[in-house]
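[1] Following is a predicted model, sequence given first.
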Amino acid sequence: MIMVSYDIAENKTRTALATLLINSGLWRIQKSVFLGKPHKGIVHKVRLELNKFQEKRMSESDKIYVQVIPRNHVINRNFIGDYDNELVEILTGDKKVWVI
């Protein structure tokens, strides 16, 4: 699984980054947090796109955090709040994840 989160001050830049992440195959799970299944080179693609984005759009104070989480390291995961059960199953591959 790949997780991308960010802290970006300007609305236009934030919107552009969210669009880029969605177009790269990630799902928005919170306003500034995206998850995706690491398949078909998505990790490499996202990293390349984010590097380009940083050079062209980001200010010095903006931050993006990218974490690749190996499937065997995702042991306990709970989605608390209004999450789509189908999305949770797609992301985790598990129907038994708690959606609270």
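    Nice, I can see it. Numbering: from 1, shown residues only.
[2] Buried ones in the top helix by length along the chain, by neighbour count?
    Taking DSSP state H as the criterion, the chain has its longest helix at helix 42-57. For helix 42-57, a neighbour-count test (16 or more other CB atoms under 10 Å) marks 42, 46, 50, 53, 57 as buried. Every C-beta, even on glycine, is put in place using the N, C-alpha and C of the backbone.
[3] separation between the second one and K12?
    Note on V46: its distance to K12, by CB to CB, to the nearest Å, is 21 Å.
[4] wait, which of the buried residues of helix 42-57 is closest to L20?
    Nearest to L20, judged by CB to CB, of the buried residues of helix 42-57 is F53 at 6.1 Å.
[5] Farthest-apart pair in the buried residues of helix 42-57, please.
    Using CB to CB, these span at most 20.6 Å, a distance reached by I42 and R57.
[6] This structure: strands as residue ranges?
    Secondary structure of the chain (DSSP state E): strands located at 2-7, 27-30, 33-36, 63-68, 78-79, 98-99.
[7] circling back to that earlier point, what separates the longest helix of the chain from the chain centre, distance-wise?
    Chain-centre distance of helix 42-57: 13 Å, with CA atoms, centre = their mean, to the nearest Å.
[8] Most tightly packed of the strands of the chain?
    Across the strands of the chain, averaging neighbours per residue (mean count of other CB atoms under 10 Å) puts strand 33-36 on top, at a mean of 20.
[9] Could I get the contacting residues of the closest residue to V4 other than its chain neighbours?
    Spatial nearest neighbour of V4, excluding adjacent residues (CB to CB, 6 or more residues apart in numbering): F34 at 4.7 Å. F34 makes contacts with 3-5, 18, 21-22, 26-28, as judged by CB atoms under 8 Å, 6 or more residues apart in numbering.
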